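> everything below, folded, please.
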Amino acid sequence: MIMYEAERSRLVNGLRSRGYVTDERGLEAMERVPRHEFLPPDMRDQAYIDSPLPIGMGQTISAPHMVGIMLQALDLQPGNKVLEIGAGSGYHAALMGELVRPGGMVYTVERLEPLGRRAKETMERLGYDDVVDVVIADGSLGLPEHAPYDRITVAAAAPDVPKPLEEQLADNGRMLIPVGGQGYQDLVLVTRKGDSLERTGLGGVVFVPLIGEHGYRDQSLRM
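Sure, this is the predicted structure:
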């Protein structure tokens with residue numbers, strides 16, 4: 001709809017003018033992907049407000065500025081193979097799909113089956129199912145059958161970087177993950193150089209907990 005297109009342009013131009021995101025490829029992807037299509041119908045009128053929004057089952061879609069910052073830190077390139085932990089609505093995966101075309105693939109893992117099914121249906125409806133594969137599983141285990149990955153991104157906070165994700169990161173690959181406890185986490189960029197892993201803190205964030213064998217065992221974050 002024209003209304004949504006105008007609101008989307010205003011949002012992206014606002015991110016650009018405030019300097020939150022300087023990567024034009026990421027901003028252009030945000031111009032193309034209709035965020036409102038990834039929200040419940042009763043939330044669509046808020047789609048282009050720069051704020052996180054609920055998507056059901058205690059989960060959220062991240063604020064657009066945070067999505068842009070994460071896309072920029074990942075430095076996605078055409079042909080990259082990407083693993084995302086925490087598909088949620090599927091919005092971030094669709095953006096990454098735009099950035100890894102042609103030749104790339106995004107595998108996004110969601111532990112909550114209703115959200116995973118909804119994300120998969122949205123990908124099919126919007127034409128992203130050729131570049132995004134939605135898998136319902138424990139994301140803290142990664143997805144070893146398609147490893148190694150050029151990029152890994154985690155949309156939930158873990159007590160530390162899960163070992164399986166470290167092992168599934170390709171040489172010269174990048175992983176972005178929030179690490180920490182309730183109310184505050186550090187967004188950590190992990191880069192692999194041969195057998196060594198380098199960590200760089202990118203600042204404070206607030207995400208829902210990563211639930212699973214290598215994450216938290218319940219919905220409450222613990223220090």
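> which residues does the lengthiest strand in the chain contact?
Taking DSSP state E as the criterion, the chain has its longest strand at strand 169-181. For strand 169-181, contacts defined as C-beta atoms under 8 Å, 6 or more residues apart in numbering pick out 70, 73-75, 81, 147-154, 156-161, 165-166, 185-194, 197, 202, 205, 207, 221-223. In short, each C-beta sits where N, CA and C put it, glycine included.
> ok, now which ones touch the residue nearest to residue 164 when sequence neighbours are not counted?
Leaving aside its chain neighbours, residue 164 sits nearest to residue 142 (4.3 Å; criterion: C-beta to C-beta, 6 or more residues apart in numbering). Residue 142 is in contact with 83, 85, 109, 152, 162, 164-165, 167-168, counting by C-beta under 8 Å, 6+ apart.
> please convert the buried members of the contacts of strand 169-181 into ChimeraX selection syntax.
Buried members of the contacts of strand 169-181, defined by 16 or more other C-beta atoms under 10 Å, are picked up in ChimeraX with:
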select :70,73,74,81,147,149,150,151,152,153,154,156,157,158,159,161,165,185,186,187,188,189,190,192,205,207,221
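> buried ones in the longest strand of the chain, by neighbour count?
169, 173-180.
> nearest residue to the middle of the protein?
The centroid of the chain falls nearest to residue 92 when counting by C-alpha atoms, centre = their mean (4.5 Å).
> remind me what the strand or helix carrying that one packs against, helices and strands.
Element membership of residue 92, judged by DSSP states H and E, is helix 91-100. Packed against helix 91-100 by the contact rule (3 or more C-beta pairs under 8 Å, 6 or more residues apart in numbering; DSSP states H and E) you find helix 24-32, helix 64-74, strand 81-85, strand 105-110, helix 113-126, strand 132-136, strand 149-154.
> any chance of these in TSV, plus mean pLDDT?
Below are these laid out as TSV (pLDDT from 0 to 100):
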stretch	mean pLDDT
helix 24-32	96
helix 64-74	96
strand 81-85	98
strand 105-110	98
helix 113-126	97
strand 132-136	98
strand 149-154	98
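> can you put those in a markdown table and add distance to residue 55?
Converted to a markdown table, these look like this (distance: least, C-beta to C-beta, whole Å):
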| stretch | distance to residue 55 |
| --- | --- |
| helix 24-32 | 18 |
| helix 64-74 | 14 |
| strand 81-85 | 15 |
| strand 105-110 | 11 |
| helix 113-126 | 7 |
| strand 132-136 | 14 |
| strand 149-154 | 17 |
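> of all those, which one is nearest residue 18?
Closest to residue 18 of the helices and strands packed on helix 91-100 is helix 64-74 (C-beta to C-beta; 7.9 Å).
> now this structure, which segments are flagged as low pLDDT?
Within the chain, the stretches with pLDDT under 70 are 1-2, 219-223.
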